[in-house]
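I'd like to go over a predicted model; first the sequence, then the structure.
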Amino acid sequence: MPSSMTAPMKPNASVPVAMYGKDIDTVKAVCKKLMPEYEAVYTAHDLPSALATFPSLFVNTPHPNPPNLGLYQNKPTPETARAPQAILFGGKVSDPEYNAITDAVSAAAACAGCQVQFVTVGVRDVLAAGAIGPNADVIAKIFRKKMAAGVGKTAGKVAGKVGASGGDGEKMQ
């Protein structure tokens, strides 16, 4: 990670993540449930805002004027900015949206020498965990498990297939 994107880490510092989900209330609730282990440094709720902002999180400084469609949880300064280590995708994200975002972020992360993990918590994951409908507690728990197991596509390569559906480079559920 470039030094301009990395703040000194405290021993118990949270892991920066970005989130992409259609339901704003669910995204906000999941952000709260992920704390203190994970901090959502940026969230987006539509493809244009994600494509305009997510790649810029990996090069030099964060997007200088984030679109109003996304929500900066804690707007970073150049001194405190940290590139997300993962992007969490909600269950109602289409394959074309997922592919567009992961392609754009993968290119930016590769140029910046960063790695980012892409993790989808899909409807099937939530149902398999016994929840009906979006449930922030369940989504946060599944995300933590997938991060710990290394499940998801990592910029340029697949980092594990436990619980994954599909092959290399496909959206992981």
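Now that the structure is in, tell me what you want to look at. Numbering: from 1, shown residues only.

Please count neighbours and contacts with C-alpha atoms only from this point.
Will do.

Figure out the length between the terminal residues of stretch 40-56.
15 Å (Cα to Cα, to the nearest Å).

Give the buried residues for that stretch.
Residues 40-47, 49-56 are the ones in stretch 40-56 that count as buried (16 or more other Cα atoms under 10 Å).

So which of those residues belong to strands?
Within the buried residues of stretch 40-56, residues falling in strands by DSSP state E are 40-44.

Looking at these, spot the one nearest Tyr98.
Closest to Tyr98 out of those is Ala44 (12.5 Å), distances taken as Cα to Cα.

Against Val59, how distant is Gly90?
Taking Cα to Cα as the measure, Gly90 falls 25 Å from Val59.

Look at the two and report which has more neighbours.
Remark: of Gly90 and Val59, Gly90 carries more neighbours, 24 against 21, as counted by other Cα atoms under 10 Å.

Quick one: the helices in the chain, in order.
Counting by DSSP state H, the chain has helices at residues 24-34, 47-53, 95-112, 123-128, 136-149.

what about those helices, which gets the closest to Pro16?
Comparison of those against Pro16 by Cα to Cα identifies helix 24-34 as nearest, at 10.5 Å.

average pLDDT for the closest one?
Mean pLDDT, computed over helix 24-34, is 94.

Show me what counts as buried in stretch 21-41.
Neighbour-count burial for stretch 21-41 flags 21-22, 24, 26-28, 30-34, 38-41 (criterion: 16+ other Cα under 10 Å).

Which pair of those residues spans the longest distance?
The most widely separated members of the buried residues of stretch 21-41 are Lys22 and Tyr38, with 19.9 Å between them, by Cα to Cα.

tell me the pLDDT at Ser56?
If you check Ser56, the pLDDT there is 88.

My error: substitute Pro62 in the last question.
In the predicted model, Pro62 carries a pLDDT score of 49.

again with the one 4 residues further on
Pro66 is assigned 46 on the pLDDT scale.

need the helix or strand of the chain with the lowest average pLDDT.
Least confident helix or strand of the chain, by mean pLDDT, DSSP states H and E, is strand 157-158 with a mean of 36.

tell me which of the buried residues of stretch 40-56 is nearest to Met147?
Nearest to Met147, judged by Cα to Cα, of the buried residues of stretch 40-56 is Ala40 at 14.3 Å.

Low-confidence stretches in the chain?
Applying pLDDT under 70 to the chain flags residues 1-12, 60-81, 151-173.

returning to what we had before: can I get the helices of the chain in CSV including distance to Val17?
Shown next, in CSV, are those (distance: least, Cα to Cα, whole Å):
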stretch, distance to Val17
helix 24-34, 9
helix 47-53, 13
helix 95-112, 13
helix 123-128, 20
helix 136-149, 11
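
wait, which of the ones you listed is closest to Pro84?
Closest approach to Pro84 among the helices of the chain (Cα to Cα): helix 95-112, 9.9 Å.

Much appreciated, bye for now.
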